[in-house]
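**Q** when you get a sec, could you give me coordinates for this:
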Amino acid sequence: KMSKTLGNSPDPLVLIEKYGADAVRLGMLLCSSAGNDILYDESQIEQGRNFCGKIWNSFRLVQGWKVDETLAAPESSKVAVKWFHSKLSQTIKTVEDHYSKFRISDALMAIYKLFWDDYCSWYLETVKPAYGAAVDKTTLDATLDFFESLLKMIHPIMPFITEELWHAVATRKEGETIMYASSPEANGWDEGIVSDFAMAAQAVMNVRAVSQEK
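**A** Here you go, the predicted structure:
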């Protein structure tokens, strides 16, 4: 049990100064599942800070790509775009269901996994051009659209970094803010491609595990 009188509760202002407001907001929600007592763990706040870094780095990676408008999208990128579109729509539907039942931490975890695992770890690794090579404009545009949708989804929990990056992604009119931007909507998804990609990802992880063991 935490008590301000006993002085055994963390000072949120000190945590914000150390990790940043977005990291504190995210960390507190990560360790507070609906209907349960909060088991406070400062490593969750550190995880929030690391997530902020992951978001920044993913944007910097895409920002550093050279674009060749004459290039056609390779088949691997077409498949990745189609897969992530389905995965995004599927997750939006899941998040809306969690919100409707006031399961805020569950909604956050679904967005967190979509951003960190699916977008950063799989999608970007699949579509990024070879070192020194250019990327086609179709893939780049889709990647930035996905990134903007992810920013809108995580914005209620991480308002500061998302506002900053939302303005960095595209030119905005004066006074525009992500707070008033429409939330992304689920546009249907292909269960087959989601399932196939999950199987391929599991195969890659298994190969990596064997490689590490040997």
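**Q** helix, strand, or coil at Asp141?
**A** Applying DSSP: H, G, I helix; E, B strand; the rest coil to Asp141 yields a three-state assignment of helix.
**Q** who does the longest helix along the chain touch, helix- and strand-wise?
**A** Counting residues, the longest helix found in the chain (DSSP state H) is helix 75-100. Using 3 or more CB pairs under 8 Å, 6 or more residues apart in numbering; DSSP states H and E as the contact criterion, the elements in contact with helix 75-100 are helix 104-113, helix 124-127, helix 137-154, helix 191-213. C-beta coordinates here come from the backbone N, C-alpha and C atoms, glycine included.
**Q** and the residue nearest the centre of the chain, how close does it get to Val95?
**A** Taking CA atoms, centre = their mean as the criterion, Phe115 is the residue nearest the geometric centre of the chain, at 2.0 Å. Taking CB to CB, to the nearest Å as the measure, Phe115 and Val95 are separated by 12 Å.
**Q** need the overlap of contacts for the two.
**A** Shared contacts of Phe115 and Val95, defined by CB atoms under 8 Å, 6 or more residues apart in numbering, comprise Met153.
**Q** now the residue nearest to the centre of the chain. Nearest residue, chain neighbours left out?
**A** Computed as CB to CB, 6 or more residues apart in numbering, the closest residue to Phe115 that is not its neighbour in sequence is Leu150, at 5.2 Å.
**Q** wait, what's in contact with Trp189?
**A** Here Trp189 is in contact with 85-87, 89-90 (criterion: CB under 8 Å, 6+ apart).
**Q** biggest separation within these, which pair?
**A** Distances among the contacts of Trp189 were taken as CB to CB; the most separated pair is His85 and Gln90, at 9.7 Å.
**Q** reformat the contacts of Trp189 as TSV; add distance to Ala130.
**A** Listed next are the contacts of Trp189 as TSV, based on distance: CB to CB, whole Å:
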residue	distance to Ala130
His85	24
Ser86	26
Lys87	24
Ser89	30
Gln90	30
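**Q** drop anything exposed from those residues.
**A** Listed as buried from these are 85-87, 89-90; burial here means 16 or more other CB atoms under 10 Å.
**Q** could you dump those residues to CSV with distance to Glu75 and pLDDT?
**A** Converted to CSV, these look like this (distance: CB to CB, whole Å; pLDDT from 0 to 100):
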residue, distance to Glu75, pLDDT
His85, 16, 96
Ser86, 17, 96
Lys87, 18, 96
Ser89, 22, 96
Gln90, 23, 96
